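**Student:** take this sequence and fold it.
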Amino acid sequence: MDEEKINEQEADIATEAKTNAVGSLSWRDLVLARVRLLAQRRISWLRNTWSKDKNDLSGRTMLSYHDEIDGYLKNLDSPFAEIEWIKTSKEVESLNIELNVV
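**Tutor:** Okay, here's the model as predicted:
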């Protein structure tokens, strides 16, 4: 079985487990969970835009306020770019799966 097929099966199992768990949550808990997941995904996107030109110090990647401001000035935070990134980024794949459940 190839790796992509295995990953799909694992995602299906995880989704089914989360769907069962979601059924026991109140609507307030569901709303809060969804807002948190959306916030996590948005933060990942912003960090992605800010880290286009990372500073590497002693093998450790650090973002500075300058990176953040440069990202805003270069208008890297485009809704269209964010949507494309969300569709293709492996970084937020698990968040997207969870958002489909909640």
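**Student:** can you show me the strands along the chain?
**Tutor:** Secondary structure of the chain (DSSP state E): strands located at 55-57, 60-62.
**Student:** spell out the residue ranges of the helices in the protein.
**Tutor:** 3-22, 27-50, 65-73, 79-88, 93-101 (DSSP state H).
**Student:** for the last one, packing partners?
**Tutor:** Same thing as helix 93-101. Helix 93-101 sits against helix 3-22, helix 27-50, with contacts defined as 3 or more Cβ pairs under 8 Å, 6 or more residues apart in numbering; DSSP states H and E. Just so you know, the C-beta spots here come from the backbone N, C-alpha and C atoms, and that holds for glycine as well.
**Student:** tell me what angle it forms with helix 79-88.
**Tutor:** 100 degrees (axes from the mean of the first three to the mean of the last three Cα atoms, to 10 degrees).
**Student:** hmm, back to that, pick out the shakiest of the strands of the chain, pLDDT-wise.
**Tutor:** In terms of mean pLDDT, the lowest-scoring of these is strand 55-57 (a mean of 45).
**Student:** export the helices of the chain to JSON lines and append columns for mean neighbour count and mean pLDDT.
**Tutor:** Shown next, in JSON lines, are the helices of the chain (neighbours: other Cβ atoms under 10 Å; pLDDT from 0 to 100):
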{"stretch": "helix 3-22", "mean neighbour count": "11", "mean pLDDT": "58"}
{"stretch": "helix 27-50", "mean neighbour count": "14", "mean pLDDT": "93"}
{"stretch": "helix 65-73", "mean neighbour count": "13", "mean pLDDT": "82"}
{"stretch": "helix 79-88", "mean neighbour count": "12", "mean pLDDT": "94"}
{"stretch": "helix 93-101", "mean neighbour count": "15", "mean pLDDT": "93"}
